[in-house]
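Visitor: sharing a sequence plus its predicted fold:
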Amino acid sequence: MQKIPFKERPDWRQTAEKLGFMFHTIDGEAYWDESAYYQFSLKQIENDLEDPTTEIHEMCMDLANKVARSEELLERLSIPPAFHDLVCNSWLEGHPHLYGRLDFSYAGTGPAKLLELNYDTPTSLYETAAFQWGWLEQNIERGLLPRHADQFNSIDTRLHQAFAQLGIKRPFYFASMKESVEDKATTDYLRLVAEQVGIESRHIDIEDIGLNAEGRFVDLEERWIPHLFKLHAWEFIFHEPFGAAIAQCDTQFFEPAWKAIISNKGILPLLWEFNQGHPNLLESYLDPHPNSAVPKGWVRKPFFSREGANIELRTADDQVVKEDGPYTDAPFILQALAPLPRFDDSYTLIGSWVIGDQAAGIGVREDNSLITKDSSRFLPHLILD
């Protein structure tokens, strides 16, 4: 695993905007960064990232099955009792799912260490699946990369397969919050994939979804929403006014409600408890004293947190790094610290994607901090031996 400086394509910004990748720059700072790329060997990809992703995903499915049959485990995950039946029934009835992302600390040697699971509303999908693939193809075509260069990236292909296998015949709505350009880009990409396999697909802002007198979710024209991909976390929905209507409605949700089991950080102590000593897992526990100082060599994380918010870590040499945020009223976990590797002046995180039940590709993000935030940068990768 190496970080290789590389010449940017002179027209990449125009290409990005033509393709709808409008958040390549955020608040004047680069998000997409092709001034360098990460190079992996095939062995590193297959043995150190792809295989562990598949194995951990299988552990998560096994754990979801355990939790869906246990009131005690549901309570340990702080899933509201009023939604236990919704969550459990969605698993027991086999509601299908589309995707998830596992975040790893990995430096090119030794086992990759799982930091978090993003199984409900993961983003960075478009840039991973499509834009970095275009970067590779274009640079090969221009003679700037060798023709045998490759990527660990079958995400787009597997998404097409996953949507086709759903067999959906009625309109499929894709919803995101109005103010989020990144979320809209994610749902637009998924909507395009659905259209390409013959599914009638529509966008709707989450704020515009209504509930009619029959208890059905409807769009602004009062049309029933039979299938809904909502880029909106279940832990939010559980506490919103319309959340109580979901159990009685006849809308099929993506991601399904059982994703609430494996999308909060409370799942990490359970993964450790049931798979203790696994080389890709980090020791993790429910934090009994969340107001005390973080021990050396540990990280404190809230069950429900996004983009690094409310995470605090203390390194072995007593350096404290913390991020403020709004997630202060949920339980916390303690996780053994696996510091992100440093390349040049940046800390590097690997996001490994699962489509359906298959490991499908990776995206690489960098941050100036040991805690990866929404100010991180996305760099392309390739496989070259």
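Guide: Structure received.
Visitor: now the spatially most central residue of the chain, nearest residue through space, not along the chain?
Guide: Taking CA atoms, centre = their mean, the centroid of the chain lies closest to residue 122, which sits 2.7 Å from it. With sequence-adjacent residues excluded and distances taken as CB to CB, 6 or more residues apart in numbering, residue 122 is closest to residue 101, at 3.9 Å. (C-beta placed from N, C-alpha, C; glycine too.)
Visitor: and that neighbour, bridged to which residues?
Guide: residue 118, residue 353 (DSSP bridges).
Visitor: pull the number of nearby residues for it.
Guide: 22 (other CB atoms under 10 Å).
Visitor: so, low pLDDT: which residues of the stretch 101-250 of the chain?
Guide: By pLDDT under 70, the stretch 101-250 of the chain has no low-scoring segment.
Visitor: ok, residue 347 to residue 375 distance?
Guide: Distance, residue 347 to residue 375, by CB to CB, to the nearest Å: 12 Å.
Visitor: higher neighbour count, those two?
Guide: Remark: of residue 347 and residue 375, residue 347 carries more neighbours, 19 against 14, as counted by other CB under 10 Å.
Visitor: ok, back up a step: what touches both of residue 347 and residue 375?
Guide: 367-368 (CB atoms under 8 Å, 6 or more residues apart in numbering).
Visitor: Three-state assignment for residue 89, please.
Guide: helix (DSSP: H, G, I helix; E, B strand; the rest coil).
Visitor: got a list of what it touches?
Guide: Residue 89 makes contacts with residue 257, as judged by CB under 8 Å, 6+ apart.
Visitor: and the pLDDT for it?
Guide: Note on residue 89: pLDDT of 98.
Visitor: over to the one 10 residues further on?
Guide: Residue 99 is assigned a predicted lDDT (pLDDT) of 98.
Visitor: so how far is residue 203 from the spatially closest residue to it that is not a sequence neighbour?
Guide: Take residue 99 and drop its neighbours on the chain: the residue closest to it by CB to CB, 6+ apart is residue 355, 5.3 Å away. Between residue 355 and residue 203 the distance, using CB to CB, works out to 21 Å.
Visitor: got it, and residue 114?
Guide: Distance, residue 114 to residue 203, by CB to CB: 33 Å.
Visitor: same question, residue 310
Guide: Distance from residue 310 to residue 203, counting by CB to CB: 31 Å.
Visitor: go on, residue 1?
Guide: 38 Å.
Visitor: of the two, which one has the most company?
Guide: Ranked by neighbour count (other CB under 10 Å), residue 1 and residue 203 place residue 1 first, with 20 against 14.
Visitor: element containing residue 156?
Guide: Here residue 156, judged by DSSP states H and E, is contained in helix 155-166.
Visitor: direction included, what does the helix or strand following that helix pair up with?
Guide: Once the chain leaves helix 155-166, the next helix or strand it forms, by DSSP H and E, is strand 172-176. In the sheet, strand 172-176 lines up against strand 201-205 (parallel), strand 227-230 (parallel) (DSSP bridges).
Visitor: determine which stretch of those is the most buried.
Guide: Mean neighbour count, computed with mean count of other CB atoms under 10 Å, is highest for strand 227-230 among these, reaching a mean of 22.
Visitor: and for that strand, what's in contact with it?
Guide: Contacts to strand 227-230, defined as CB under 8 Å, 6+ apart, come from residues 98, 168, 170-175, 187, 190-191, 206, 209, 217, 237, 251-255.
Visitor: alpha carbons only: can I get it in PDB?
Guide: Backbone C-alpha positions of strand 227-230 (Å, rounded to 0.1, in the frame of the first residue of the first chain) are rendered in PDB as follows:
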ATOM      1  CA  HIS A 227     -41.100   1.200  -2.300                       C
ATOM      2  CA  LEU A 228     -39.000   3.800  -0.600                       C
ATOM      3  CA  PHE A 229     -35.200   4.200  -0.400                       C
ATOM      4  CA  LYS A 230     -34.800   6.700   2.400                       C
END
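Visitor: distance between it and the chain's centre?
Guide: Taking the mean of its C-alpha atoms, strand 227-230 sits 17 Å from the chain's own mean (CA atoms, centre = their mean, to the nearest Å).
Visitor: all strands for the stretch 101-250 of the chain, in order.
Guide: Under the criterion DSSP state E, counting those that start in this stretch, strands of the stretch 101-250 of the chain are mapped to 113-118, 172-176, 201-205, 210-211, 217-218, 227-230.
Visitor: out of those strands, nearest to residue 63?
Guide: Proximity of these to residue 63 was assessed by CB to CB; the nearest stretch is strand 113-118, lying at 10.2 Å.
Visitor: please save the CA atoms from the closest one in CSV.
Guide: The C-alpha trace of strand 113-118 is given here as CSV (Å, rounded to 0.1, in the frame of the first residue of the first chain):
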residue,chain,number,x,y,z
LYS,A,113,-9.1,-3.4,12.0
LEU,A,114,-12.8,-2.7,11.9
LEU,A,115,-13.6,0.7,13.3
GLU,A,116,-17.3,1.1,12.4
LEU,A,117,-20.2,-0.3,10.5
ASN,A,118,-22.3,2.0,8.3
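Visitor: and the contacts of it?
Guide: Contacts for strand 113-118 (CB under 8 Å, 6+ apart): 52, 56, 60, 100-106, 262-263, 265, 267-268, 271, 280-282, 301, 335, 338, 349, 351.
Visitor: give me that answer again for 6 Å
Guide: By CB atoms under 6 Å, 6 or more residues apart in numbering, the surrounding residues in contact with strand 113-118 are 56, 101-103, 105, 262, 280-282, 338.
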